[in-house]
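Asker: coords please:
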Amino acid sequence: MIFCGLDAGNISALGLASQYPYLSAPPVDEPQVHVPNIIMLDPAYPNPFNSSTTIMYNLSRAGLVQVKIYDITGREVTRLVEGYHSIGQHSIVWNGRNGAGKSVSSGLYFVKVCAFGQSANTKTLLIK
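Answerer: Take a look at the predicted model:
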């Protein structure tokens, strides 16, 4: 590890290792930092919506993702996303249609994003 032009050998030679232990190189067998699996789901917008709503979510790491819409009875209305996504922010637009392409009725719908064996949920209201 090099810090401001000093490497581990120079730090030891200068007698700074005991005074500034954070400047020395970590042991080789030190475990790697683990990035937790996190899904951050923003509220759909606009909400309520008439013709379409945007669903935005953030992934802490890359992986397989599913985004599904459910009706108030818990039945799956449509599957918007199913596949591998990279780390970072993603968005998808739901046009108020089911998996067969037919318009769904006005009402409350649930958005569920699944990844890493976890899920995040939000609700949206369709008004016609």
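Asker: all strands for this structure, in order.
Answerer: Taking DSSP state E as the criterion, the chain carries its strands at 2-3, 6-7, 39-41, 53-59, 63-70, 76-85, 88-94, 107-115, 118-126.
Asker: so for A100, which of these sits nearest?
Answerer: Closest approach to A100 among the strands of the chain (Cβ to Cβ): strand 76-85, 8.6 Å. For glycine as for every other residue, the C-beta is placed from the backbone atoms N, C-alpha and C.
Asker: who does the closest one pair up with?
Answerer: Here strand 76-85 is paired, per DSSP bridges, with strand 63-70 (antiparallel).
Asker: need the CA coordinates for the strand it pairs with. CSV is fine.
Answerer: Only the C-alpha atoms of strand 63-70 are listed here, as CSV (Å, rounded to 0.1, in the frame of the first residue of the first chain):
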residue,chain,number,x,y,z
GLY,A,63,-27.2,-9.9,-10.0
LEU,A,64,-30.4,-11.5,-11.3
VAL,A,65,-33.4,-9.2,-10.8
GLN,A,66,-37.2,-9.5,-11.2
VAL,A,67,-39.7,-6.7,-11.1
LYS,A,68,-43.3,-7.8,-10.9
ILE,A,69,-46.7,-6.1,-10.5
TYR,A,70,-49.4,-7.6,-8.3
